[in-house]
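Colleague: next input, structure requested:
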Amino acid sequence: MYETHGTVVGTVITDPIKRETASGEEVMSFRMASNVRRRDRESGEWVDGGTLYLTVSCWRRLVQGVGASLMKGDPIIAHGELRTNEYRTRDGEPRSDLEMRAAAIGPDLARCSARLDRSARTRSATAADDAEGETAAESEGPDGEDGALDERVEALVG
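Modeller: As a prediction, this is how the structure comes out:
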């Protein structure tokens, strides 16, 4: 049972691999590394600290998003439930591995830029509006205008 939640900032170090469980549920997993760089006050140089390695598993809705978005080398932020998996190697050596069952994963925008695919969200919003019998342009905005604010925002966002 996972009990400890945490957020790790790091880099994807293996390409995500999708597999199917015995019950038919899809899971995607990859390895990530997180390391610290600190400035040595005496020398003024940047020095690398230790590295944390962990396996990240993604379930349900994350499978599609991670599969379409991430690859080895990408800088990410991962949040989820952490646990230690203890096992023995073929030679009988005891080992432990840190695992995260991810709840959310995203790009580390301090180290990259990202472009969002809003098409699915736009289609869902339009379908919900149509089901209620009005479109965004027909609805009255918070300032009393009949959708003019929505149209200006849409023109800016694209």
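Colleague: nearest the geometric middle of this protein, what residue?
Modeller: In the chain, the C-alpha nearest the mean C-alpha coordinate belongs to Ile105, at 1.3 Å (Cα atoms, centre = their mean).
Colleague: from Met32, how far out is that one?
Modeller: Ile105 is 9 Å from Met32, where distance means Cβ to Cβ, to the nearest Å. Every C-beta, even on glycine, is put in place using the N, C-alpha and C of the backbone.
Colleague: give me the common contacts of these two.
Modeller: Val56, Ile76, Ala78 (Cβ atoms under 8 Å, 6 or more residues apart in numbering).
Colleague: by mean pLDDT, flag the weakest helix or strand of the chain.
Modeller: The weakest-scoring helix or strand in the chain, judged by mean pLDDT, DSSP states H and E, is helix 148-157 (a mean of 52).
Colleague: about what we covered before: hmm, who's touching the helix or strand harbouring the residue nearest to the centre of the chain?
Modeller: Assigned by DSSP states H and E, Ile105 belongs to strand 94-107. Outside strand 94-107, the residues within contact range by Cβ under 8 Å, 6+ apart are 2, 6, 8, 52-59, 62, 65-66, 69-70, 74-89, 113-114.
Colleague: which pLDDT does the model give the residue nearest to the centre of the chain?
Modeller: pLDDT for Ile105: 97.
Colleague: partner residues bridging Glu20?
Modeller: Glu26 (DSSP bridges).
Colleague: for Arg38, list the residues it contacts.
Modeller: If you count contacts by Cβ under 8 Å, 6+ apart, Arg38 has them with Trp46, Val47, Gly49.
Colleague: closest one of these to Ser23?
Modeller: Gly49 (40.7 Å; Cβ to Cβ).
Colleague: can you name the helix or strand that that closest one falls in?
Modeller: Per DSSP H and E: strand 46-59 holds Gly49.
Colleague: show residues contacting that strand.
Modeller: For strand 46-59, contacts defined as Cβ under 8 Å, 6+ apart pick out 8, 10, 13, 16, 25-40, 66, 78, 80, 82, 85, 97-102, 105.
Colleague: buried only: go through the residues you listed for me.
Modeller: In the contacts of strand 46-59, burial by neighbour count holds for 8, 10, 16, 27-32, 34, 66, 78, 80, 82, 99-102, 105, counting by 16 or more other Cβ atoms under 10 Å.
Colleague: roughly how far does Ser43 sit from Glu20?
Modeller: For Ser43 relative to Glu20 (Cβ to Cβ), the value is 51 Å.
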